[in-house]
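K.L.:
3D, please:
(chains A and B)
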2 protein chains.
Amino acid sequence: MTTHNSDSIVKTDPSTEIDWTDDGPGETVLLGTKEKLRLACGAELGPFRVSYQTYGTLNADKSNVILVCHALTGDQFAAETHPITGRPGWWARLIGPGKSLDTDRYFILCTNVLGGCMGTTGPMDIDPKSGKPFGLDFPVITIADMVRAQKMLIDELGIEKLFCVTGGSMGAMQVLEWAALYPERVYAAAHIAGTARHTAQNIGFHEVGRQAIVADPDWCEGEYYKHERRPAAGLAVARMAAHITYMSEAALHRKFGRNLNDREALAYGFDADFSVESYLRHQGSTFVDRFDANSYLYITRAMDYFDIAAEHGDGILANVFKNTPVRFGVISFSSDWLFPTSESRRLVHALNAVSASVGFVEIETDAGHDAFLLEEPEFFRSLEGFLNGAAEQLGLNAPTADQK
Amino acid sequence: MTTHNSDSIVKTDPSTEIDWTDDGPGETVLLGTKEKLRLACGAELGPFRVSYQTYGTLNADKSNVILVCHALTGDQFAAETHPITGRPGWWARLIGPGKSLDTDRYFILCTNVLGGCMGTTGPMDIDPKSGKPFGLDFPVITIADMVRAQKMLIDELGIEKLFCVTGGSMGAMQVLEWAALYPERVYAAAHIAGTARHTAQNIGFHEVGRQAIVADPDWCEGEYYKHERRPAAGLAVARMAAHITYMSEAALHRKFGRNLNDREALAYGFDADFSVESYLRHQGSTFVDRFDANSYLYITRAMDYFDIAAEHGDGILANVFKNTPVRFGVISFSSDWLFPTSESRRLVHALNAVSASVGFVEIETDAGHDAFLLEEPEFFRSLEGFLNGAAEQLGLNAPTADQK
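P.N.:
Numbering: from 1, shown residues only, chains lettered A, B, ... in the order given. Sure, this is the predicted structure:
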């Protein structure tokens, strides 16, 4: 499905012994070779890799690109079988021919975020300075840094302007950063199940997860790679705690209630008596096979640091979007208690205050925060409607038959 | 303040070498010496200790007893300086002369629950069979088992009928068990911030905490006592995760928001940048000084197992309270998302369905589940009003001057 050949872009950096072509599955580009990426913390990063996947066909004027931004534990495999888990892409419901993100019409680009562990440079990768994995020597990054890296990628790919940037949860944070940092490079921004700032409760849950990881002796102060150990138990606990926050109480009740796990009666022990325990344990234990614990530390930290008003508006949200040319679509889910509708409303009010173009819809569902990943037809239709309206307004050209 | 001399009750069990008088601070009674306690799991326990504290004066006919039941991490030191932490008792705001639980009028009895770690027999105590700490050989207990042990205590103390049983959170679970198991031994039941069943989400959060504990290598499969180790890191993570659920998002926002912790700007690191992180770390690290990790496993398990309708009503809540003589007062807090008002309403509807005597009030507060431990004057007045009404109805005699 991809049309961009990465072979022409991946380079071997002559200054190091690192084989930059050893980049796992999918497309990878080496960036920051000439000019390094200046991070929010003040450090510079480069060269670094960005791994990405594409779906659909780029049109002649490269104007039909939708950048899809993934959430905390997502990656670039948005619409295809995941190379590790073998499961469908996390937005396979939305991306494809005739779907909301219609690959007959749009060219979908999805990158693994900076700090990630699916090809894009992160803490498990080799630090060119030391020749060893970064570990905690990897600089602390922000959502803005992730977006700066994505912007370097679209420069490299020769894409002048994104038709749309979209994503849910942490993906929506990237959407806001795109609109704030590069308003002239984005036509439309679809912000889904997001927030303009990470709240105290959000930070608290992340801190629990991080403490679970660093409490695991196999974490080895972040240097587990060289000891060939992995803080699997701590990372699993972190995932379990987070997973509860992704579901609503109603959804947990509907799916599990107090149902027992393969037994007729309470066992009076500490095995998983209840289905919900078994489910959460499974979520924890399968997660560790596909995710790096240090990446989890860095990416949760980036989310905690996210406060777009503090970063770009002197603490006033509306200031961030003064005179913005970007068209916003904001979608929230009624049972999302992690990034509740009230946070989306704050954003919408701020956009209204500066007369920005914004549409807002709250989807009624009991699925909680995770609703943006699930079968939610009203959500699909809303996103599709927003994209179609923007495409019509822009006079977007679909790729022609000979371009496909 | 106590009027009951425990010396006459504490016995040394001749069948073991265990010195049952080595019982820590406060009052302790040895129970189950003649007839053992039959637990829900089928096992029998005995002899076992129950540690308790009392406040106020028992009247002549022993009819002015309020049994106060503590929550998950509470203990019997409800209204006095805690012997380990040096902090005021967890209900010192409510218990005392002229307070809602008026010690000029009532005799307050508070026991450490079965499975606890403040004197009452629990997993850290010596198993008479092996002469070593129980660890995971301690039987899995239920809320009903805790109440059965309390009932043995009031039999021992010669108390025929409790004027009232009350408590918040897990304390409220014990209140319902008292009403279900021994309706003739309870006049009034004040159920605060409680639920008739632990939900899937409740179980999920507890399971995260337990997994954090058992993932700690210092847990040693529950046998850390003999290795002179303690799973402090795991227990601290468990406490942090739980603590978030005790507060509302609004309270966290009000207290901490995104305030930084003793610094002017983000530090771009993994120290506690935010006040909320520092607060949660403190909650975790101080908790481990006063609580036993295995007790945490057993008591959370008891809460998970709690479903009073399944236990006593064939799954129908109203059945549990058919023809109950008990007067109920139900109090919930508007921002409690752990045991939300909707759960209290379910209970009230069930009590209404069987024409039980019940009053219900929801207290408006942003303090979350923890509100039952905080300065909430409307809550104090409501509880006092319920108790005064019940005392008047009963014609309760306050202790006379010469009894004091």
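K.L.:
who's in contact with A:F205?
P.N.:
Residues near A:F205 by Cβ atoms under 8 Å, 6 or more residues apart in numbering or on different chains: A:A241, A:A242, A:T245, A:L338, B:A241, B:I244. C-beta here means a position set from N, CA and C on the backbone, and glycine is covered the same way.
K.L.:
of the residues you listed, closest to A:S332?
P.N.:
A:L338 (11.0 Å; Cβ to Cβ).
K.L.:
would you list every one of the strands in chain A?
P.N.:
With strands called from DSSP state E, chain A shows them at A:27-31, A:37-38, A:44-45, A:48-55, A:65-69, A:95-96, A:101-102, A:107-111, A:126-127, A:132-133, A:162-168, A:186-192, A:327-333, A:357-363.
K.L.:
Parallel or antiparallel, which strands does the second one pair with?
P.N.:
This points to strand A:37-38. Paired with strand A:37-38 in the same sheet, following DSSP bridges, are strand A:44-45 (antiparallel).
K.L.:
Provide the contact partners of the partner strand at residue level.
P.N.:
With Cβ under 8 Å, 6+ apart, strand A:44-45 has contacts from A:G32, A:K36, A:L37, A:R38, A:L39, A:L114, A:T121, A:P139.
K.L.:
Of all pairs in those residues, which one spans the longest distance?
P.N.:
A:R38 and A:T121 (15.0 Å).
K.L.:
Out of those two, name the residue with the larger neighbour count.
P.N.:
Set side by side, A:R38 and A:T121 show more neighbours around A:T121, with 31 against 14, by other Cβ atoms under 10 Å in any protein chain shown.
K.L.:
show me what contacts the closest residue to that one other than its chain neighbours?
P.N.:
Spatially, and ignoring its direct neighbours in sequence, A:T121 is nearest to A:F48 (3.8 Å; Cβ to Cβ, 6 or more residues apart in numbering or on different chains). Contacts here follow Cβ under 8 Å, 6+ apart; on that basis A:F48 touches A:L30, A:L31, A:G32, A:L37, A:L114, A:T120, A:T121, A:A149.
K.L.:
if you set the cut-off to 6 Å instead, what comes out?
P.N.:
A:L31, A:G32, A:T121 (Cβ atoms under 6 Å, 6 or more residues apart in numbering or on different chains).
K.L.:
which bits of the stretch 201-350 of chain A sit near chain B?
P.N.:
Residues of the stretch 201-350 of chain A found near chain B (Cβ under 6 Å from any Cβ of the partner chain) are A:201, A:203-204, A:207-208, A:211-212, A:215, A:217, A:233, A:237, A:240-241, A:244, A:249, A:252-253, A:256-258, A:266, A:268-269, A:274, A:276-277, A:280, A:305, A:307.
K.L.:
Need the buried ones from the residues you listed selected in PyMOL.
P.N.:
This is how PyMOL selects the buried members of these, with burial counted by 16 or more other Cβ atoms under 10 Å in any protein chain shown:
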select buried, chain A and resi 201+203+204+207+208+211+212+215+217+233+237+240+241+244+249+252+253+256+258+266+268+274+276+277+280+305+307
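K.L.:
got the contact list for the residue nearest the centre of chain A?
P.N.:
Centroid check for chain A by Cα atoms, centre = their mean gives A:H70 as the closest residue, at 2.2 Å. A:H70 makes contact with A:G171 under the criterion Cβ under 6 Å, 6+ apart.
K.L.:
Same check on A:K62?
P.N.:
A:I159.
K.L.:
State the pLDDT value of it.
P.N.:
Note on A:K62: pLDDT of 96.
K.L.:
Which positions in the stretch 1-150 of chain A make contact with chain B?
P.N.:
Residues of the stretch 1-150 of chain A lying near chain B (Cβ under 6 Å from any Cβ): A:C41, A:V140.
K.L.:
how about low-confidence regions in the stretch 1-150 of chain A?
P.N.:
For the stretch 1-150 of chain A, residues meeting the criterion pLDDT under 70 lie at A:1-25.
K.L.:
next one: the stretch 201-350 of chain A
P.N.:
Ranges of the stretch 201-350 of chain A meeting pLDDT under 70: none found.
K.L.:
and the gap between A:R105 and B:R230?
P.N.:
Distance, A:R105 to B:R230, by Cβ to Cβ, to the nearest Å: 61 Å.
K.L.:
same deal with A:G122?
P.N.:
Counting by Cβ to Cβ, the gap from A:G122 to B:R230 is 34 Å.
K.L.:
And A:H243, by the same measure?
P.N.:
Distance of A:H243 to B:R230, computed by Cβ to Cβ: 28 Å.
K.L.:
Contacts only, for the nearest residue to A:A353 once chain neighbours are set aside.
P.N.:
Computed as Cβ to Cβ, 6+ apart, the closest residue to A:A353 that is not its neighbour in sequence is A:A318, at 4.2 Å. Residues counted as contacts of A:A318 (Cβ under 6 Å, 6+ apart) are A:A350, A:A353, A:V354.
K.L.:
one step back: for A:L373, which of the strands of chain A is the nearest?
P.N.:
Of all the strands of chain A, strand A:162-168 sits nearest to A:L373, with 7.1 Å by Cβ to Cβ.
K.L.:
counting contacts, what elements does that closest one pack onto?
P.N.:
In this structure, strand A:162-168 makes packing contacts with strand A:65-69, helix A:170-181, strand A:186-192, judged by 3 or more Cβ pairs under 6 Å, 6 or more residues apart in numbering or on different chains; DSSP states H and E.
K.L.:
Extract the C-alpha set from the longest helix belonging to chain A and format it as CSV.
P.N.:
When chain A is parsed with DSSP state H, its longest helix is helix A:377-394. Listed next in CSV are the C-alpha coordinates belonging to helix A:377-394 (Å, rounded to 0.1, in the frame of the first residue of the first chain):
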residue,chain,number,x,y,z
PRO,A,377,-20.2,4.6,13.9
GLU,A,378,-21.3,8.1,15.0
PHE,A,379,-17.6,9.0,15.7
PHE,A,380,-16.6,7.6,12.3
ARG,A,381,-19.3,9.6,10.5
SER,A,382,-18.4,12.8,12.4
LEU,A,383,-14.8,12.6,11.5
GLU,A,384,-15.6,11.7,7.9
GLY,A,385,-18.0,14.7,7.7
PHE,A,386,-15.3,17.0,9.1
LEU,A,387,-12.8,15.8,6.5
ASN,A,388,-15.2,15.9,3.6
GLY,A,389,-16.2,19.5,4.5
ALA,A,390,-12.6,20.6,4.7
ALA,A,391,-11.7,18.8,1.5
GLU,A,392,-14.6,20.5,-0.3
GLN,A,393,-13.7,23.9,1.1
LEU,A,394,-10.1,23.4,0.0
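K.L.:
Report the inter-axis angle for that helix versus strand A:327-333.
P.N.:
Using axes from the mean of the first three to the mean of the last three Cα atoms, to 10 degrees, the inter-axis angle of helix A:377-394 relative to strand A:327-333 is 180 degrees.
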